[in-house]
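**Q** Pasted the sequence and its predicted model underneath.
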Amino acid sequence: MFSFFKRKKVQELVIKCDTNAIFINDNEVSFPTSYAQLIDVFGKPSRFLNKSNNYAIWDLQGIFCGFTEENNILSINIYQSKKDKSEYNTKKQFTGKLFLNDEEITHSEFGKIGLGKVAIHRLGSENENRFGFSLGVNRDFKN
């Protein structure tokens, strides 16, 4: 009778990275990626901001991305704390797990981890605990 009051349960995200690929809940994601692929993985964004770029925000999962072209998204940001007070930070924080070569690094401190064509970057300045991480194109990769 009152089922419309029930909160929608958010699926916990599991991100697995290795030197050849990134998988989010068993879906392979390569970068650059597309807006359509992100919708396939995360569902429709809860917010969308149009500024100098387009910004898609998945508030319940803690995911954010900015782009100018829908078929050329270079990275996604995953927020784990509210240290970033900008309007781009998500309403809820990422509660899933991040793995690198089968080792969980969800709450580990790291700088940049190059994985071939893609990389994991820290979010936050070097002199403080990171407030999340970014997955995307590794600009240092050379074929």
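**A** Great, that's in hand.
**Q** Now do the same for Val41: helix, strand or coil?
**A** helix (DSSP: H, G, I helix; E, B strand; the rest coil).
**Q** same deal with the one 4 residues further on?
**A** Here Pro45 takes the coil state, with states given by three-state DSSP.
**Q** That one reaches Ala56, doesn't it?
**A** Yes - using Cβ atoms under 8 Å, Pro45 is in contact with Ala56, at 4.1 Å. Glycine gets a C-beta too; all of them are placed from N, C-alpha and C.
**Q** where along this structure do the strands fall?
**A** Along the chain, counting by DSSP state E, strands occupy 14-17, 22-24, 27-29, 47-50, 54-58, 63-67, 75-79, 97-100, 103-104, 112-115, 118-123, 132-137.
**Q** need those strands in a markdown table with distance to Lys91, can you?
**A** Shown next, in a markdown table, are the strands of the chain (distance: least, Cβ to Cβ, whole Å):
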| stretch | distance to Lys91 |
| --- | --- |
| strand 14-17 | 20 |
| strand 22-24 | 20 |
| strand 27-29 | 23 |
| strand 47-50 | 8 |
| strand 54-58 | 8 |
| strand 63-67 | 11 |
| strand 75-79 | 10 |
| strand 97-100 | 20 |
| strand 103-104 | 25 |
| strand 112-115 | 27 |
| strand 118-123 | 17 |
| strand 132-137 | 14 |
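**Q** If you count surrounding residues, which of Pro45 and Ala56 has more?
**A** Ala56 (22 against 19; other Cβ atoms under 10 Å).
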